[in-house]
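In: what's the 3D shape of this:
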Amino acid sequence: MLSSPQTQRLDAGHAVEAAPSQPAEGWVERLCRWLCELAIMSMMVMVAAEVLLRNLFGVSLQSADELGGYLLVAVSFLSLSTCFVSGAFHKVEFIDNRLGERGHALRKLIFDAIALAFSLLLLWQLVRLVLRSFDGGDFAATILGTPLWIPQLTMPVGIAALCYSLLRAIGADIRGLSAASRRSRGQ
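Out: Presented below is the predicted three-dimensional model:
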């Protein structure tokens, strides 16, 4: 992770200063990042334990694959808000480079609003999935017999964190667009 207390934007893998209209990492993104770090470390410990137990003692944890899969899904969804505020998602720079300051701010606002709309739709569907699993008493057909709503819960939580980050970004986008408009009128 970066040593700075605030997550910095990434540009081709190199840390650069955060854009003024990009929100800094807040407590939600920081919590999600810590949970992802904990999940990744847990996966590493489980894999190492599984390898050692199998090779040294000929026994297996039996549930390492299942738990590793659940943790992988958790990391995939919980990392979304952290990736968003750090600027780690793909963007089409050849279009951005042709836009002026106001056009760039407007494009960012439109993209973030569309991303929020799709994320809210996904959040609604994921909440329905978790509730259906909970109400139906669905369990994994594995040795652990995990109630499926437990690992599924990380999906709507991660998307909700992304929605929160997108709302913060939209606020920053609106402020950035207003500032760009004022500067363009002042020239």
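In: From now on I want contacts and neighbour counts done on CA atoms only, so please keep to that.
Out: Fine.
In: quick one: the helices in this structure?
Out: For the chain, helices defined by DSSP state H occupy the ranges 27-52, 64-78, 80-85, 93-96, 101-136, 149-152, 154-186.
In: Mind checking those helices for the one nearest to residue 143?
Out: Among those, helix 64-78 comes nearest to residue 143, with 9.0 Å by C-alpha to C-alpha.
In: so what does the closest one touch, helix or strand wise?
Out: Applying 3 or more C-alpha pairs under 8 Å, 6 or more residues apart in numbering; DSSP states H and E, one finds that helix 64-78 contacts helix 27-52, helix 149-152, helix 154-186.
In: if I look at residue 98, how far off is residue 107?
Out: Using C-alpha to C-alpha, to the nearest Å, residue 98 is found at 12 Å from residue 107.
In: Between these two, which is the more surrounded one?
Out: residue 107 (17 against 10; other C-alpha atoms under 10 Å).
In: Not counting residues beside it along the chain, what's closest to the most centrally placed residue in the chain?
Out: The structure's the chain has its C-alpha centroid closest to residue 80; by C-alpha atoms, centre = their mean the separation is 1.0 Å. Among residues not flanking residue 80 along the chain, residue 162 sits closest, at 5.9 Å (C-alpha to C-alpha, 6 or more residues apart in numbering).
In: lowest confidence element among the helices and strands of this protein?
Out: Least confident helix or strand, the chain: strand 14-16 with a mean of 46, by mean pLDDT, DSSP states H and E.
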